[in-house]
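*Asks:* Output the structure for:
(chains A and B)
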Amino acid sequence: MPTDLFAQALNGLSYGVLLFLLSVGLTLIFGMLDVVNLAHGSFYMLGAYAGLALIAATGNFWLSLALAPVSVGIIGAAVERSCLRPLYRRGPLDQVLLTFGLIYVFEDLVKWIWGGRIRSIPTPDLFSGSVTLLGATIPSYRVFVIGFGLVMALALWLLIERTRLGAIIRAGVFDAEMSAGMGINVSRVFTLVFAFGAALAGLSGVIAGPIQSAYPPMGASILIPALIVVAVGGLGSLKGSLAGSLVIGQAETFGKAWLPGASMLIIYVVMAAILLFRPQGFFGRALK
Amino acid sequence: MIARAAGLAVLVAAIAAFPLFMGSYPVKLLQEILIFGLFAMSLDLLMGYTGMVSFGHSAFFGIGAYVAALALVKSPGLTSALLLPAAVAAVGALLIGYFSIRVSGVYFIMLTLAFSQMFYAVAFQNAFLGAEDGLVGIPRPTVAGWSIGSLGRFHAYLIAIEGLLALFLWRVTRSPFGHVLRGIHENEARMQAVGYPVRRYKLAAFVIAGTVAGIAGALYTQFQGSVSPDAFFWTTSGQALLMVIIGGTGTLGGAMLGAAAFILLQSLVSSYTERWMLILGVTFVLLVLFAPGGIVGTLRGRVGLRA
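*Replies:* The predicted model follows:
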């Protein structure tokens, strides 16, 4: 039984890591631009399909893993420049509504190009087997996902906490108007953060591909757990996003194993329990 | 004023007499518009009048739909068809509203979204509620000894309820209560300072909107003869939001117009091309960008149509 437990925990960890890559962008975009980007799940879906197309074209998973997020990032930049930019002066609600419209646009575009059925994405040969860790046998691809996600988390932490660009982003999350007053080109940073967040969501989509396959409504379904992670971790917080992802990842996985009849409810119960004691989430600033 | 009243009377008469000169497909389309229009109008009371953008309105639509389904199987009367769904939706709205109105803006959006998804999760996995497949084979009610199974009778029943509820919502928005809601939309802090118990007003608006949404859900169950967990899914709330925005917020008629535009677009465009979602999405994005007042707002601005 402990072995089983361990395998479950690893599964939860790999899911949590995917959620982390997805929710980082969501939380930074919210923190800086004040936009709840409902189309963030669409970027995840676009990542999975871009990965699918690139693997078909190049036959190389690793090349696709590098290129798909770039293409999704470019789409993200275009969305921010063309659709969101004109709305900044109008307040956050119009932006939320606009991103909801984008879900329809992206989902249908993907259906148009790739069709509506589920497409599986092959696991890269290097990780097609399985490994035994402390008696638990799990697919080696999941181990790769966990390792990759943790490395990404570290890299992101260094980027945000230790570089000049990171300092600018943190300043923008804290107070965008004041940052502009200090002479930072906030408008360019907005585009950059949005594109970067979209690219990370795309990356998450490519990595999730071999585990969850690609299907058009995947964006609308993954959005909810990602939003929960952001709420639980604290809006605008990178650390919070990591902590929230790991908690929700475990809750979802153990919920499926232990309470199959109520597994979908578990993450909401966990969220409610956490927000009851800390309404601002783990690392969020206190609500006004 | 008289011209408007006459225009409205002609419109209502035309909608009521629709089955007399139309086939069953257009009548069903009209009924679907009326039901979703009612749902969108209830959301407009929150969004357009009180300024509370809820992404969890599907919770009440779903509650109404499921309660009606469960109750109608037991006893097919008006209590099961309308009263019970409305009452349960009202209680649900009171509970969800009590927690949700403590926050505002995007936090309110996320909280309401999470609540409605909880219901989705329960409906999706609970065998008693038919799980993934939902509940099917729901009978239509018998009203005062009349079974309203036929298309024409259901139409009359639907028109009567819709008319009453539309009138009710219209009266609410024109009442002193409605004016306070608008005041909260304009400037919540000032209303608070003037001495209105803002939270209580918001909660009351939330419960009224939730109750009407519950009735819309109950009507949808009777229209379809079935209900599925999708009624609760967050995109159902999103659709209602689309309808309100397309039509124009803060104008109950706009919500109905938006529902008509949405459903006609969906059914007409989908008969020519599969790309209706794309067209709908692009239309919506363009509307938010260039015509935030929706159809009604644009008409008012361009043609000088007055409220």
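*Asks:* neighbours around whatever residue of the stretch 1-150 of chain A ends up closest to chain B, how many?
*Replies:* Chain B sits closest to residue A:104 of the stretch 1-150 of chain A, with a gap of 3.0 Å, by C-beta to the nearest C-beta. The way it works is simple: take the backbone N, C-alpha and C, and place the C-beta from them, glycine included. Residues lying near residue A:104 (other C-beta atoms under 10 Å in any protein chain shown) number 26.
*Asks:* Tell me if I'm right that residue B:135 and residue B:227 touch.
*Replies:* Yes - counting by C-beta atoms under 8 Å, residue B:135 touches residue B:227, with 5.3 Å between them.
*Asks:* Give me the common contacts of these two.
*Replies:* Listed as contacting both residue B:135 and residue B:227 by C-beta atoms under 8 Å, 6 or more residues apart in numbering or on different chains are B:66, B:69.
*Asks:* Would you mind telling me which of the two has the busier surroundings?
*Replies:* residue B:227 (28 against 22).
*Asks:* Please identify the helix or strand for the nearest residue to residue B:288 once chain neighbours are set aside.
*Replies:* With sequence-adjacent residues excluded and distances taken as C-beta to C-beta, 6 or more residues apart in numbering or on different chains, residue B:288 is closest to residue A:98, at 4.5 Å. Using DSSP states H and E, residue A:98 maps to helix A:92-114.
*Asks:* helices or strands up against that helix?
*Replies:* helix A:40-58, helix A:218-233, helix B:106-125, helix B:234-247, helix B:276-290 (3 or more C-beta pairs under 8 Å, 6 or more residues apart in numbering or on different chains; DSSP states H and E).
*Asks:* Determine if any part of the shortest one is in contact with chain A.
*Replies:* Yes - for a cut-off given as C-beta under 8 Å from any C-beta of the partner chain, helix B:234-247 has contacts with chain A, namely B:234-235, B:238, B:241-242, B:245.
*Asks:* what about the strands in chain A?
*Replies:* Along chain A, counting by DSSP state E, strands occupy A:130-133, A:136-139.
*Asks:* list the contacts for residue 247?
*Replies:* No chain was given, so I picked chain A. Residue A:247 neighbours (C-beta under 8 Å, 6+ apart): A:16, A:232, A:270, A:274.
*Asks:* ah, I was thinking of chain B
*Replies:* Counting by C-beta under 8 Å, 6+ apart, residue B:247 touches B:40, B:253-259, B:261, B:294-296.
*Asks:* Residue B:194 too?
*Replies:* No contacts exist for residue B:194 under C-beta under 8 Å, 6+ apart.
*Asks:* coming back round to it: tabulate the strands of chain A in JSON lines, adding columns for mean pLDDT and mean neighbour count.
*Replies:* Converted to JSON lines, the strands of chain A look like this (pLDDT from 0 to 100; neighbours: other C-beta atoms under 10 Å in any protein chain shown):
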{"stretch": "strand A:130-133", "mean pLDDT": "80", "mean neighbour count": "13"}
{"stretch": "strand A:136-139", "mean pLDDT": "81", "mean neighbour count": "16"}
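*Asks:* Number of residues surrounding residue B:149?
*Replies:* Residues near residue B:149, counting by other C-beta under 10 Å: 14.
*Asks:* so what's it closest to, chain neighbours aside?
*Replies:* Distance criterion C-beta to C-beta, 6+ apart; nearest residue to residue B:149, sequence neighbours excluded, is residue B:140 at 5.2 Å.
*Asks:* any idea which helix or strand carries the one you found?
*Replies:* Residue B:140 belongs to no helix or strand when elements are defined using DSSP H and E.
*Asks:* Now do the same for it: its pLDDT.
*Replies:* We have a pLDDT of 84 for residue B:140.
*Asks:* got the phi/psi numbers for it?
*Replies:* phi -80, psi 160 (degrees, to the nearest 10).
*Asks:* from what I can see it touches residue B:76, true?
*Replies:* Yes - in this structure residue B:140 lies within contact range of residue B:76 using C-beta under 8 Å: 7.1 Å.
*Asks:* ok, the residue of the stretch 151-288 of chain A found nearest chain B to residue B:66 distance?
*Replies:* Nearest residue of the stretch 151-288 of chain A to chain B: residue A:264, at 3.6 Å (C-beta to the nearest C-beta). Going from residue A:264 to residue B:66 by C-beta to C-beta, to the nearest Å gives 16 Å.
*Asks:* and these two? which has more neighbours close in?
*Replies:* Counted by other C-beta under 10 Å, residue A:264 and residue B:66 do not tie: residue B:66 has more neighbours, with 29 against 21.
*Asks:* And the pLDDT at that one?
*Replies:* pLDDT, residue B:66: 95.
*Asks:* What helix or strand is it located in?
*Replies:* Going by DSSP H and E, residue B:66 is in helix B:58-74.
*Asks:* list the buried ones in that helix?
*Replies:* B:58-72 (16 or more other C-beta atoms under 10 Å in any protein chain shown).
*Asks:* Quick one: list the elements packing against the helix or strand just after that helix.
*Replies:* Once helix B:58-74 ends, the next helix or strand along the chain (criterion: DSSP H and E) is helix B:78. Helices and strands touching helix B:78, by 3+ C-beta pairs under 8 Å, 6+ apart: there are none.
*Asks:* and helix B:78, how far out from the chain's middle?
*Replies:* With C-alpha atoms, centre = their mean, to the nearest Å as the basis, helix B:78 stands 20 Å off its chain's centre.
*Asks:* okay, the angle between the helix holding residue A:98 and helix B:106-125?
*Replies:* 40 degrees (axes from the mean of the first three to the mean of the last three C-alpha atoms, to 10 degrees).
*Asks:* Now helix A:92-114: average pLDDT?
*Replies:* For helix A:92-114, the mean confidence score works out to 88.
*Asks:* what do you get for stretch B:232-248?
*Replies:* 88.
*Asks:* chain center to that stretch, what's the gap?
*Replies:* 9 Å.
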